[in-house]
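In: Turn this into a structure:
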Amino acid sequence: VGAMTLATSINLVTIRHPVVTAKWLMALAHLSGARVVAGLGPGSSSVDYAAVGIPFDERWARFDEAFVVVRELVRGRDAPSEGFYDVAGLLLEPQPARQPEVWFGSWGSDQRLKALAAVADGWMASGYHTTPTRFANARARLDAHLITCGRDPAGMPDMIATMWLCVTATQREADHMLRDVLAPALGTEPAALATQVPIGSPEHCVGLLQAYADAGAQQILLWPVSDPIEQLHRFDELVRPHITS
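Out: Numbering: from 1, shown residues only. The predicted model follows:
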């Protein structure tokens, strides 16, 4: 396992509590010996907050504080204790040999990109809200904020998470996945989704993923819509060999 990277998608740290989040990240890193990447975000559903009795309008204030608490705790440092989380003097053990990385999940608004540039180990862009052009524009704005913060953009990795995948043999199957499966679930028009996610022929999937690579995307987390083992085989045989970094 040590040679693998273990990555979460977006963990709603404001709902699960930053101390709990930091502890399980450290445990995962300690037990696996692997590189652990945690994507943290506040979420966007008021239902999630209502379920745990946290006011939805507090999500960003809580998140900005919780993010720093997690980052400091997994690094074995005393986290700031102000506002929502009283963690003064708390140090978590055991410290793993390789500290988890704390990444910021964001759709790409300029306000959030500016915030993550100052504190995050990496950027996890939303696969539901981007296209190759949007990603390239957001990455350029992030790089500018990093330079302003005195950080080297080359030292800030990125990842798109999570991107639906369906390598199909027929356009009918692709249309069904876009129109009947994903569009209703995501509240997005099928035509728009077709420009965002690799669902369709091998040629379409290669072209779209290559466009993301050309836009500067370093990694993409893929999520097969159905029959995951078969989809991963199709991707490995029909798509991956034709994408150049």
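In: Can you name the residues in contact with the helix or strand where F63 lies?
Out: Mapping F63 onto the secondary structure by DSSP states H and E places it in helix 59-74. By CB atoms under 8 Å, 6 or more residues apart in numbering, the surrounding residues in contact with helix 59-74 are 13-14, 17-19, 21-23, 25-26, 29, 38, 40-43, 49, 54, 78-80, 82-85, 87, 90-92, 99-100, 102, 104, 115, 119-121. (C-beta placed from N, C-alpha, C; glycine too.)
In: Run the chain-centre distance for it.
Out: 16 Å (CA atoms, centre = their mean, to the nearest Å).
In: got the buried residues for that helix?
Out: The neighbour-count check on helix 59-74 (16 or more other CB atoms under 10 Å) flags 59, 62-74 as buried.
In: How about stretch 123-133?
Out: Of all the residues in stretch 123-133, those buried under the rule 16+ other CB under 10 Å are 123-132.
In: of these, closest to A7?
Out: Nearest to A7 among those is M124, at 8.4 Å by CB to CB.
In: For that closest one, which non-adjacent residue is closest in space?
Out: G39 (3.8 Å; CB to CB, 6 or more residues apart in numbering).
In: Sheet-wise, list the partners of the strand ranked longest in the chain with their directions.
Out: Counting by DSSP state E, the longest strand found in the chain is strand 158-167. Next to strand 158-167 in the sheet, as set by DSSP bridges, lie strand 122-126 (parallel), strand 199-200 (parallel), strand 220-224 (parallel).
In: For E173, which of those is the nearest?
Out: If you check each of the strands paired with strand 158-167 against E173 by CB to CB, strand 199-200 wins as the nearest, at 8.8 Å.
In: re the thing from before, TSV please, covering the buried residues of stretch 123-133 and showing pLDDT and distance to A211.
Out: Converted to TSV, the buried residues of stretch 123-133 look like this (pLDDT from 0 to 100; distance: CB to CB, whole Å):
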residue	pLDDT	distance to A211
W123	96	19
M124	95	19
A125	94	14
S126	90	17
G127	87	14
Y128	80	17
H129	82	16
T130	91	11
T131	93	8
P132	95	4
